[in-house]
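Peer 1: next come a sequence and a model predicted from it.
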Amino acid sequence: MDSYALLLGSTLSAGTVLAIAALGLLINEKAGIVNLGAEGMMLCAAIAGFATVVTTHNPWLGLLAGMAAGALLAAFFGVLVIWLNTNQYATGLALSLFGVGFSAFAGINFVQAKLPESASYAIPVLADIPLLGPALFRHHPMVYVAVLLTVGLIWFLYRTRAGLVLRSVGESPESAHALGYPVRRIRLMAVIAGGALCGLSGAYLSTVYTPLWVEGMVAGRGWIALALTTFATWRPARVLLGAYLFGGVTMLQFALQGAGVEVSSQLLSMLPYLATIVVLALISRNPLWIRINMPASLGKPFHPGA
């Protein structure tokens, strides 16, 4: 039973990294912007957060530094694609490549650095419940923040006027502009918010989930988060469930190794990425379903004078 509790608990922790980043990308895409730079933003945020904690010994400042790094890079991306009308896909790829290189350069002096010991965040009484306690109530607060972010985003998108405006900008920016809404500014704010969440995810990865800095430590999670938005058909609750699904697949490799299953470790390491490809292939079999749920202006530039 303890092994099942450990697997469930590690699934929630691993899924949190993906969930927070994917929710940020979902905000971008609801506004009609595709940002392929998530991997680079998460890497820059990871080193920013790690370096901040090493310097200040304050883990919460590290998370804030990661958010700031992600928001700054996203703002730069937003200016390029929203005001200068550069190609969203090419600009996102360039941002991703920049993040990979810059984080490796900036993190040279932090490879051997160690973070201060983390505090225990076990919830009193609940953490002692057999099976459920270790699985659900001994996590870092960010695990619960991911759930609250999902609920908050559902409420914002589907229960508030601001959320309706954001979705209208993604569905029909020309109509939103005709009604007097500043489409470009709304898109930029959405891109910055999404970048901040990607940054939070990257900082959580380097300061909490795996408290160390290693070059390229995001290891494709930014791309999986990007795929999650399509997998979830742009619905926040499905993003969270999908993140836990992929987190479980990631943790399954360690569970199998611990159980003595004789499978190549390289093959087990492929499981999360293989699952991503399989899921996307299955979803793509029904292009009508994708078109119905996808924001109509996703990836398309907006020209106010058109």
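Peer 2: Perfect, I can see it now.

Peer 1: residue 243: what's it in contact with?
Peer 2: The contact partners of residue 243, by C-beta atoms under 8 Å, 6 or more residues apart in numbering, come to 15-16, 18-19, 22, 146, 225, 228. C-beta coordinates here come from the backbone N, C-alpha and C atoms, glycine included.

Peer 1: of the residues you listed, which is the most crowded?
Peer 2: In terms of neighbours by other C-beta atoms under 10 Å, these top out with residue 22 at 34 neighbours.

Peer 1: how close does that residue sit to residue 165?
Peer 2: 22 Å (C-beta to C-beta, to the nearest Å).

Peer 1: and the top helix by length along the chain, what does it pack against?
Peer 2: In the chain, with assignment by DSSP state H, the single longest helix is helix 2-30. The helices and strands touching helix 2-30, judged by 3 or more C-beta pairs under 8 Å, 6 or more residues apart in numbering; DSSP states H and E, are helix 38-56, helix 132-136, helix 141-159, helix 161-171, helix 183-204, helix 221-231, helix 236-258.

Peer 1: shaky segments in this structure?
Peer 2: 1-2, 257-261, 263, 265, 268, 289, 305-306 (pLDDT under 70).

Peer 1: switch to 50 and redo it
Peer 2: Low-confidence segments of the chain (pLDDT under 50): 306.

Peer 1: secondary structure element for residue 296?
Peer 2: Using DSSP states H and E, residue 296 sits within no helix or strand.

Peer 1: could you pull up the contacting residues of it?
Peer 2: Residue 296 makes contacts with 170-172, as judged by C-beta under 8 Å, 6+ apart.

Peer 1: out of the residues you listed, flag the one nearest to residue 271.
Peer 2: Closest approach between the contacts of residue 296 and residue 271, by C-beta to C-beta: residue 170, at 32.8 Å.

Peer 1: neighbours of the closest one, how many?
Peer 2: By other C-beta under 10 Å, the residues close to residue 170 number 26.

Peer 1: skipping its backbone neighbours, what lies nearest it in space?
Peer 2: In space, and not counting its chain neighbours, residue 170 is closest to residue 295: 3.6 Å by C-beta to C-beta, 6 or more residues apart in numbering.

Peer 1: I figured that neighbour hits residue 27, correct?
Peer 2: No. Judged on C-beta atoms under 8 Å, residue 295 makes no contact with residue 27 at a distance of 11.2 Å.

Peer 1: which one's more surrounded, the two?
Peer 2: Counted by other C-beta under 10 Å, residue 295 and residue 27 do not tie: residue 27 has more neighbours, with 26 against 23.
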